[in-house]
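> Have a look at this prediction, sequence included:
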Amino acid sequence: MKHDPKSPDTSVLPGGPRHVAIIMDGNGRWATQRGRPRLFGHHAGAKRVREVVEACPDFGVEYLTIFAFSTENWKRTQVEVAGLMSLFRRYITKETRSLSEFGVRVRFIGDRVRLDDKLIKMMNDLEQATAHNTRVHLTIALNYGGRDEVARATKRLARDVAEGRLDPDKVDEETLPRYLDTYVLPDPDLVIRTSGEARISNFLLWQSAYAEYEFIDTLWPDFRKDEFGRLCAAYGGRDRRFGAVKT
């Protein structure tokens, strides 16, 4: 994953999404169809992330947010959860150098309290190591849930009101986003969910209020650059009015 800063991107799609968020679903089913354990599918899915990240500049995508592990995923078997945590640590170790060379800035969102100290340190180190990069902004949602995020943001907002740092009469719909995990990111323009499920599963609830959605049948390990490009191109053809009527 290398980037030559002297080589301009020539295939950027006009009118394409600036920020794409992806619910990477179907890893377990992909593995089961092949008679393999579910973790085999998660490892295959992790490899797919690299291809999508590398494709972002070709389609004008500056921000990519991926749903890696939800607050509800703790309900899975202990073996699968432990395997996923091991996979996250391996991914960070393996990809730090290539992500930085490609110009990717990595951020993590979600509640880190339940994660182990070693993984938290690795996350912090990766964020710091890539903080200077600007080509692609990759945000990884880890132990993330939209309702949990809003609840945590509301607590911080309420604390500022109680301590006199925020006037409650001035709280409006522009206030809460400043307390969300994604406060430094633009809202997603396009949300993609793979695997044929047509639900958003508690992902970026506030931020996606006006996002376009694509629910596709492809299982995440089979998701390829050409399909990503097709979805980005289709976004450019949508009529986005944000509640208004064109005259």
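It's in. Numbers count the residues shown, from 1 in each chain.
> make it CA atoms for all contacts and neighbour counts henceforth
Fine.
> what about the protein, any weak spots by pLDDT?
Scanning the chain for pLDDT under 70 picks out 1-14, 239-247.
> Which helix in it has the most residues?
helix 78-101 (DSSP state H).
> Can you name the element that comes right after that helix?
Later in the chain than helix 78-101, the nearest helix or strand by DSSP states H and E is strand 104-109.
> In that following strand, which residues are buried?
104, 105, 106, 107, 108, 109 (16 or more other Cα atoms under 10 Å).
> what's around the nearest residue to the first one once chain neighbours are set aside, how many residues?
Pointing back at residue 104 there. For residue 104, ignoring the flanking residues on the chain, the nearest one in space by Cα to Cα, 6 or more residues apart in numbering is residue 136 at 4.7 Å. Other residues lying near residue 136 total 23 when counted by other Cα atoms under 10 Å.
> Does residue 136 touch residue 57 like I think?
Yes. In this structure, residue 136 is within contact of residue 57 by Cα atoms under 8 Å, at 7.2 Å.
> Contacts only, for residue 224.
48, 51, 52 (Cα atoms under 8 Å, 6 or more residues apart in numbering).
> can you map out the strands along the chain?
Along the chain, the segments classed as strands by DSSP state E run 19-23, 63-70, 104-109, 136-144, 190-193, 212-215.
> want to throw the ones you listed into a markdown table with distance to residue 237?
Shown next, in a markdown table, are these (distance: least, Cα to Cα, whole Å):
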| stretch | distance to residue 237 |
| --- | --- |
| strand 19-23 | 16 |
| strand 63-70 | 20 |
| strand 104-109 | 28 |
| strand 136-144 | 23 |
| strand 190-193 | 12 |
| strand 212-215 | 11 |
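> Nearest to residue 38, out of the ones you listed?
Closest to residue 38 of those is strand 63-70 (Cα to Cα; 14.5 Å).
> which helices and strands does that closest one pack with?
Packing contacts for strand 63-70, counted by 3 or more Cα pairs under 8 Å, 6 or more residues apart in numbering; DSSP states H and E, involve strand 19-23, strand 136-144.
> and residue 213, which of these is closest to it?
strand 19-23 (9.6 Å).
> partners of that closest one in the sheet?
Sheet pairing for strand 19-23, assigned by DSSP bridges, gives strand 63-70 (parallel), strand 190-193 (parallel).
> nearest to residue 132, of the ones you listed?
Among the strands paired with strand 19-23, the nearest to residue 132 by Cα to Cα is strand 63-70 (14.9 Å).
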